[in-house]
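Participant: Pasting the sequence and the predicted model now:
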Amino acid sequence: MKQLFLLLLFINVVYFFWGMTVNEAQESQVRQEPLYDQKELEVLELLSKDESTQKLSEQKSMEVVPEGMEQYTCYVVGGFGSKNSASQLKDNIKKIFLHVPVVISRLEQEYWVVYPSTGDWNHSLENVKMLKIKGVTDLWLVPKGQDKGVVSLGLFKTLSRAESKLEELKKKTVNAAILNREKVSYGVKVETNDGVEAIQSFLDTQVISLENSIRKIAC
């Protein structure tokens with residue numbers, strides 16, 4: 001009886017270790033199975049810088065603009081000294097193009113050499129006589145506006161030229177000054193998908209004098 005009990009115990013121990021070995025083998029097999037389909041795996045290849053740039057350009061060239069969305073280009077037409085002049089062009093060009101606002105075409109810095117005014121017109125007239133006696137003949141007395149009575153001695157696009165004029169006047173014992181001014185020009189913004197030719201064709205039929213031309217801008 002004792003021998004039978006020991007035999008059964010031995011069989012159970014052998015069976016226990018055999019079962020553990022089988023389970024470990026199955027778990028190992030599951031862990032080693034790939035999580036992807038090797039047949040469908042995409043092969044990656046390294047590209048040089050030139051090749052990658054070329055492929056990117058090809059992709060962009062293949063991009064299609066969605067139907068119903070048009071590509072517009074924007075231009076500013078004219079470079080007028082006043083908004084009123086630009087508005088005249090706007091009134092005519094809006095018959096052909098939609099949404100044509102008046103915008104600032106350019107903003108430039110200028111340097112104005114002046115002999116200041118005291119606010120007395122008669123004194124300004126005396127200043128003109130004094131300047132001419134000292135040999136300053138290239139001048140203009142501002143007759144009206146906020147600068148009335150100021151004697152203009154030159155308007156320059158660069159500070160260096162204005163300073164040169166100032167030194168020249170100092171040699172004649174003329175104490176002039178430099179005023180910074182902003183020169184604003186106005187134009188009309190036009191959005192079109194017909195190119196600049198459509199704008200030029202319209203302008204050719206107009207009698208308005210354009211102080212500059214057509215310039216492409218960001219929309």
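Facilitator: Nice, I can see it.
Participant: C-alpha only now, for contacts and for neighbours.
Facilitator: Noted.
Participant: Mean pLDDT per element in the chain, and the minimum belongs to which helix or strand?
Facilitator: Of all helical and strand segments in the chain, the minimum by mean pLDDT, DSSP states H and E falls on helix 49-62, at a mean of 55.
Participant: Packing partners of the very next helix or strand once past that one?
Facilitator: Taking DSSP states H and E as the definition, the helix or strand that follows helix 49-62 towards the C-terminus is strand 73-80. Contact here means 3 or more Cα pairs under 8 Å, 6 or more residues apart in numbering; DSSP states H and E; on that basis strand 73-80 packs against helix 83-93, strand 102-115, strand 177-192, strand 214-217.
Participant: so what are the domain limits for the protein?
Facilitator: 74-107+184-217, 108-182 (the TED database).
Participant: still on that earlier bit, can you say which of the helices and strands packed on strand 73-80 is nearest to residue 149?
Facilitator: strand 102-115 (9.2 Å; Cα to Cα).
Participant: Mind checking the pLDDT average for that closest one?
Facilitator: The average of the pLDDT scores along strand 102-115 is 92.
Participant: quick one: it to strand 177-192, angle?
Facilitator: Interaxial angle of strand 102-115 relative to strand 177-192 (axes from the mean of the first three to the mean of the last three Cα atoms, to 10 degrees): 170 degrees.
Participant: Give me the neighbour count for residue 127.
Facilitator: Residue neighbour count, defined by other Cα atoms under 10 Å, stands at 19 for residue 127.
Participant: and residue 138, how many neighbours does it have?
Facilitator: 10.
Participant: quick one: it is in a strand?
Facilitator: No: with DSSP: H, G, I helix; E, B strand; the rest coil as the criterion, residue 138 is located in coil rather than a strand.
Participant: contacting residues around the residue lying closest to it once chain neighbours are set aside?
Facilitator: Take residue 138 and drop its neighbours on the chain: the residue closest to it by Cα to Cα, 6 or more residues apart in numbering is residue 153, 6.4 Å away. When contacts are counted by Cα atoms under 8 Å, 6 or more residues apart in numbering, residue 153 touches 112, 113, 114, 115, 138, 139, 140.
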